[in-house]
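Undergrad: coordinates for the following, if possible.
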Amino acid sequence: MQDQIEFIDGLFAKAPHPNAPDFIKANISIKREEMLNWLSARSDEWINIDVKEARSGKWYAAVDNWQPNADAAPTAPVTSATKPPPPPEEDFDDDIPF
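TA: Below is the predicted model of the structure:
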């Protein structure tokens with residue numbers, strides 16, 4: 001986990017107004033010139049952003065710089081092609097009426 005928070009110049013996240021409908025999850029404001037300058041200084045094709053809540057309760061937006069651990073072996077996702085077959089069903093021959 002990275003200890004350093006990287007803020008996005010010109011991007012501000014706020015909690016929705018208490019009277020806002022449930023489908024509104026956050027309010028985002030962009031200060032166009034500041035954000036354009038910040039974006040121009042970056043060479044990344046994609047920039048992932050997390051909206052977080054500080055201990056104080058204030059919301060903020062920060063760059064998600066997470067990278068997979070280079071030391072960890074990659075794991076393949078479990079799909080129907082890689083999923084092991086179910087165990088064989090046992091054939092019971094009993095006289096239980098239910």
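Undergrad: now do the helices in this structure.
TA: Ranges of helices in the chain, per DSSP state H, are 32-40.
Undergrad: can you pull the poorly scored residue ranges out of it?
TA: 1-2, 71-83, 85-98 (pLDDT under 70).
Undergrad: residue nearest the centroid of it?
TA: For the chain, the residue sitting closest to the mean C-alpha position, by CA atoms, centre = their mean, is residue 50 at 7.1 Å.
Undergrad: residues contacting it?
TA: Neighbour list for residue 50: 61-64 [criterion: CB atoms under 8 Å, 6 or more residues apart in numbering]. (Glycine included, C-beta is placed from N, CA and C.)
Undergrad: mind redoing it with 6 Å?
TA: Contact analysis of residue 50 by CB atoms under 6 Å, 6 or more residues apart in numbering lists 62, 64.
Undergrad: separation between residue 47 and residue 64?
TA: According to CB to CB, to the nearest Å, residue 47 and residue 64 sit 8 Å apart.
Undergrad: give me the neighbour count for residue 11.
TA: Close neighbours of residue 11, defined as other CB atoms under 10 Å, add up to 20.
Undergrad: not counting sequence-adjacent ones, nearest residue to it?
TA: Computed as CB to CB, 6 or more residues apart in numbering, the closest residue to residue 11 that is not its neighbour in sequence is residue 61, at 5.0 Å.
Undergrad: beta-bridge partners for the one you found, please?
TA: residue 51 (DSSP bridges).
Undergrad: now the strands for this structure?
TA: 11-14, 27-30, 49-53, 59-63 (DSSP state E).
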